[in-house]
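Visitor: Build me a model:
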Amino acid sequence: MKKNVAIIMGGYSSEYEISLKSGQVVYESLDKNKYNAHRIHIFKNKWIFVNELDEEFLVDKNDFSVLVNEIKINFDCVFNAIHGSPGEDGFMQGYFELLNIPHTSCGMYQAALTFNKRDCLSTLKPYGIKTAASYFVNLGDVVDENAIVNKVGLPCFVKANRAGSSFGITKVYKTEELQNALDVAFKEDDEVIIESFLDGVEVSVGVITYKGEIKVLPITEIVSENDFFDYKAKYLGQSQEITPARITEVQAEQVGSLARKVYEVLKLKGFSRSEYIFKNGEPHLLEVNTVPGLTAASILPQQAAEAGISMSDLFENAIEEALK
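Guide: Down below sits the predicted model:
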């Protein structure tokens with residue numbers, strides 16, 4: 001009997017448009033002979049099932065079901081394609097775990113932890129995982145610009161702590177640019193992380209649970225045409241994403257082992273994509289994404305293709321792993 005799969009997409013953050021694209025790709029890639037795939041759009045003002053005719057049916061949040069022409073649809077599994085809140089920060093994970101509905105992403109705690117850059121990096125540091133020097137600022141704090149520059153140096157990056165897709169991030173070259181960069185970041189979140197600039201090769205490493213085993217995917221080198229890997233570089237083609245990365249075998253082994261360690265230490269499951277910059281020959285962790293982009297142009301599907309894993313296989317494996 002075919003399983004009913006809800007593909008959740010959209011979300012409450014600036015990333016909702018990217019999420020809708022990811023979710024649509026998952027929907028189109030799943031084998032309709034194996035699964036009854038349903039597109040579920042999650043927005044602040046409505047949760048809806050959108051059918052083939054683009055008709056909308058409200059989701060009953062009490063049990064995450066849908067009533068279509070007086071027939072109630074319950075879901076055997078949820079494929080999570082929401083980037084940002086509430087799909088990547090633990091809220092949807094907690095909701096589905098309360099309802100005992102299997103889902104393709106990591107657990108509630110892991111999602112909340114990895115979405116909070118400050119807490120995630122702080123958790124991993126005792127395990128010997130190197131990161132950039134950092135300084136934290138909350139909305140309403142008195143900003144000591146000299147203390148910031150003394151700690152992280154210039155240039156530095158000012159980032160919204162809980163945001164993705166490079167929303168709320170600025171590269172700062174002068175002390176007098178800090179306040180404006182903080183204002184940009186505070187539009188996305190009330191917590192900000194300021195990090196030192198790491199000058200080196202940037203790579204992205206996908207790690208997934210595939211057929212019951214943790215698998216490190218081929219590594220991608222990121223070469224931005226812009227000053228850094230910003231939104232335009234990620235989504236408007238202003239970057240080169242080279243898979244496999246042009247790094248040595250030793251470097252590939254080093255960063256691949258590190259990405260696996262991060263996955264294991266944090267007890268992740270499903271998809272993860274972590275970003276690193278090599279400084280003085282050592283990979284430094286930037287962040288961990290647990291609901292990475294899933295379009296054909298996205299990094300993780302590119303890596304899977306290099307490993308001989310098709311889009312449909314990648315997504316169907318995630319569902320089967322969740323159903324276990």
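
Visitor: Could you use CA atoms for every contact and neighbour count after this?
Guide: Will do.

Visitor: for this structure, what's the longest helix?
Guide: helix 249-265 (DSSP state H).

Visitor: Tell me which other helices or strands that helix touches.
Guide: The contact analysis (3 or more CA pairs under 8 Å, 6 or more residues apart in numbering; DSSP states H and E) places helix 249-265 against strand 202-210, strand 213-216, strand 271-279.

Visitor: you'd agree Leu266 is up against Ala111?
Guide: No. With contact defined as CA atoms under 8 Å, Leu266 does not reach Ala111; the gap is 9.8 Å.

Visitor: Okay, buried residues for the helix or strand hosting Gln24 please.
Guide: Secondary structure assignment for Gln24, by DSSP states H and E: helix 16-29. For helix 16-29, burial by neighbour count (16 or more other CA atoms under 10 Å) applies to 16, 18-27, 29.

Visitor: Over to stretch 209-225?
Guide: 209-210, 214, 216-224.

Visitor: now the residues you listed in CSV, with pLDDT?
Guide: Shown next, in CSV, are the buried residues of stretch 209-225 (pLDDT from 0 to 100):
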residue, pLDDT
Thr209, 98
Tyr210, 98
Ile214, 98
Val216, 98
Leu217, 98
Pro218, 98
Ile219, 98
Thr220, 97
Glu221, 96
Ile222, 93
Val223, 90
Ser224, 74
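
Visitor: Between the two ends of stretch 121-138, how far is it?
Guide: 17 Å (CA to CA, to the nearest Å).

Visitor: How about stretch 276-284, which residues are buried there?
Guide: 276-279, 282-284.

Visitor: Now do it: distance to the chain's middle.
Guide: 21 Å (CA atoms, centre = their mean, to the nearest Å).

Visitor: Stretch 133-148 too?
Guide: With CA atoms, centre = their mean as the basis, the mean position of stretch 133-148 lies at 26 Å from the chain mean.

Visitor: Could you list the low-confidence segments of the protein?
Guide: Within the chain, the stretches with pLDDT under 70 are 164-166, 226-238.

Visitor: Name the residue closest to the centre of it, please.
Guide: Asn289 (3.1 Å; CA atoms, centre = their mean).

Visitor: ok, now which ones touch that one?
Guide: 114-115, 272-274 (CA atoms under 8 Å, 6 or more residues apart in numbering).

Visitor: Looking at the helices and strands packed on helix 249-265, spot the one closest to Trp47.
Guide: Nearest to Trp47 among the helices and strands packed on helix 249-265 is strand 271-279 (24.0 Å), distances taken as CA to CA.

Visitor: Could you list the paired strands of the closest one along with their orientation?
Guide: strand 202-210 (antiparallel), strand 282-289 (antiparallel) (DSSP bridges).

Visitor: Now render those as TSV, adding distance to Ile169.
Guide: Shown next, in TSV, are the strands paired with strand 271-279 (distance: least, CA to CA, whole Å):
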stretch	distance to Ile169
strand 202-210	17
strand 282-289	13
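
Visitor: quick one, which of those strands is nearest to Leu124?
Guide: Closest among those, using CA to CA: strand 282-289, at 9.3 Å.

Visitor: can I get the CA coordinates of that closest one in PDB?
Guide: Coordinates of the C-alpha atoms in strand 282-289 are reproduced here as PDB (Å, rounded to 0.1, in the frame of the first residue of the first chain):
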ATOM      1  CA  GLU A 282      43.100  23.500   9.200                       C
ATOM      2  CA  PRO A 283      39.300  23.400   8.400                       C
ATOM      3  CA  HIS A 284      37.300  25.800  10.500                       C
ATOM      4  CA  LEU A 285      33.600  25.200  10.900                       C
ATOM      5  CA  LEU A 286      31.200  28.100   9.900                       C
ATOM      6  CA  GLU A 287      27.800  26.600  10.400                       C
ATOM      7  CA  VAL A 288      25.600  23.500  10.100                       C
ATOM      8  CA  ASN A 289      22.500  23.300   8.000                       C
END
